[in-house]
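Trainee: Could you work out the structure for the sequence below:
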Amino acid sequence: MFRERLTKEAVHELGHVYGLGHCRDRRRVMAFSNALADTDEKRADFCVRCRKQSKGVRMGDLFLRGTLLQEATDGKVRCHVCERRCALIPGGLGWCRTRENRGGRLVTLTYGAVSSLSANPMEKKPFYHFHPGTFALTAGSWSCNFGCPWCQNWEISKVPPSGRGEYLSPERFVELTMRHGCQGTSISFNEPTLSLEWSLDVFRLARGRGLYNTYVTNGYMTPEALSLLIDAGLDAMNVDVKGDAARCSWGS
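Mentor: Below is the predicted model:
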C-alpha cells in the first residue's frame, strides 16, 4: 500500500511540474488533496481533460531541478557542490552522474529520488551524545562522488540515477518523519551531498516542525555547500574517514 501511495503522489506532483492544476474529479490522481490517506480513494490516472494536457509527461522528469552552486566557464558549466568541482560540457554528466549540463545550465537528476527509507536509531549513524535514544527517518538516493571499492551500500552508490524509482517530496518526507514518531531527519546510505537541493528543502521544513537534521557523509562537500546546509538547518554530520589502515592510523 505504501508503494502505491507514493506512486500516486509522484504522478500528482509530476502533473504540477507540467502545469496541470487540480482536477474536479476527486477519484483521479490530480484531485486537490495529495495527503497520504486521501490517495487511497484515488485512481493512479488522469481524467480525459488532464490526459490531453499532460501529453509528453515522463516520470523521469519529476526528479529534475535546476541546481545551485554552478558557474559558466569557457563553454562549460562548473559544479561547486563537491570538491571535485567538475566542469561539464554541453550534454555532459559530472563525475557523480547526478548533475547534467542541459542548455548551458546544470540540472540535478535525483531531486526526491529515494532509493532507501528507514527509521534508524541515532546510535546507528553513529552520533555520540547527540539526541541519544531518538530516531531519525533516514533517506538515501543514488550514486556517489567517491569510488570506494569496499562500499557496503554499493547497490545504490555504484548505480547512476535512472529516472525510475520512488519520488518523495520534502513535504511528504517531513510528514512521514512525524507520522513514524521520529525526532529528526537524516540523509545517508549514499553520499547525501549529491541531494543538496532536496536536503535544503527538507531541512527548512523539518526545522519549522521542531525536528533535528543530520548528514552521514564522506565530507567532500565544498564550503559553499556546507554553508547552505547549515543555514537551512543542518544540525550535525558524521564524516566517514576513507582510506587504508596505513593512511588512516592515528599518529601516522
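Trainee: Domain map for this protein?
Mentor: 2-57, 62-108, 113-246 (automatic domain parsing).
Trainee: okay, those domains in TSV with mean pLDDT and mean neighbour count next?
Mentor: Every residue, glycine included, has its C-beta placed from N, CA and C. Putting the domains of the chain into TSV (pLDDT from 0 to 100; neighbours: other Cβ atoms under 10 Å) gives the following:
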stretch	mean pLDDT	mean neighbour count
domain 2-57	63	16
domain 62-108	96	18
domain 113-246	94	18
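Trainee: helices or strands next to the helix or strand that residue 173 is a member of in the packing?
Mentor: For residue 173, the host element (DSSP states H and E) is helix 170-179. When contacts are defined as 3 or more Cβ pairs under 8 Å, 6 or more residues apart in numbering; DSSP states H and E, helix 170-179 sits against helix 36-39, strand 135-140, strand 184-187, helix 196-208.
Trainee: Any chance you could list what contacts stretch 79-98?
Mentor: Stretch 79-98 is contacted from outside by 67-71, 73-78, 99-104, 106, 108-110, 141-145, 160-161, 191, 193-194, 196, 220-222, 224-225, using Cβ atoms under 8 Å, 6 or more residues apart in numbering.
Trainee: sorry, back to before: let me have the helix holding residue 173 in CSV, keeping just the CA atoms, if that works.
Mentor: Written as CSV, here are the backbone C-alpha positions of helix 170-179 (Å, rounded to 0.1, in the frame of the first residue of the first chain):
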residue,chain,number,x,y,z
PRO,A,170,10.2,17.3,1.0
GLU,A,171,6.8,17.9,2.4
ARG,A,172,5.9,14.2,2.4
PHE,A,173,9.2,13.2,3.9
VAL,A,174,8.8,15.5,6.8
GLU,A,175,5.2,14.3,7.2
LEU,A,176,6.4,10.7,7.3
THR,A,177,9.0,11.6,9.9
MET,A,178,6.4,13.0,12.2
ARG,A,179,4.0,10.1,11.5
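Trainee: how much does that helix deviate in direction from helix 196-208?
Mentor: 40 degrees (axes from the mean of the first three to the mean of the last three Cα atoms, to 10 degrees).
Trainee: Just say helix, strand or coil for residue 106.
Mentor: With DSSP: H, G, I helix; E, B strand; the rest coil as the basis, residue 106 sits in strand.
Trainee: Verify the stated contact: it with residue 71.
Mentor: No. Using Cβ atoms under 8 Å, residue 106 is not in contact with residue 71, being 9.4 Å away.
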